[in-house]
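[1] After the sequence you'll find the predicted model.
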Amino acid sequence: TASHAAAHDGARLAEVIDADNTAADVWADTAYRSAKNEAWLAERGLVSRIHRRKPPGRPMAARTRRANARKSAVEHVFARQKGPMALVVRTIGLARARVEIGLANLAYNMKRFAWLSSKTV
């Protein structure tokens, strides 16, 4: 889903969770970590794999840093779209932004499918 730039991502967790997805793990960045979201996930039997924030004014614990690194695989899709695909959404209107993001997702998925199809098992 897409929302306007002033909307806080963390408040949109329920909108981006696919009810038809049978996986129990929910992967997200630190914007989605809040007590409210953690409680919402627990009520539905979902396992939070949401990144942890760095404590203010202190270094992040090595254990937390390693856990966040393991959770970062999901961020590679966005890095690929921002880097080599040069995706920058600068449109007027939310509908146009949704189309642009949808087309970028489609292009990424097609490239990924072609790459995966070329691999041997």
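    All right, it came through fine.
[2] OK, contacts around residue 22?
    Listed by Cβ atoms under 8 Å, 6 or more residues apart in numbering, the contact set of residue 22 is empty. All C-beta spots, glycine's among them, are computed from the backbone N, C-alpha and C.
[3] how much space between it and residue 28?
    Distance, residue 22 to residue 28, by Cβ to Cβ, to the nearest Å: 18 Å.
[4] At the geometric centre of this protein, which residue do we find?
    The centroid of the chain falls nearest to residue 28 when counting by Cα atoms, centre = their mean (4.8 Å).
[5] And stretch 26-35, what's buried?
    26, 27, 28, 29, 31, 32, 33 (16 or more other Cβ atoms under 10 Å).
[6] Out of those residues, name the ones that lie in helices.
    Of these, none are assigned to helices by DSSP state H.
[7] can you list those in CSV and add distance to residue 77 and pLDDT?
    Output for these, formatted as CSV (distance: Cβ to Cβ, whole Å; pLDDT from 0 to 100):
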residue, distance to residue 77, pLDDT
26, 16, 89
27, 11, 86
28, 13, 86
29, 12, 85
31, 16, 87
32, 16, 89
33, 20, 91
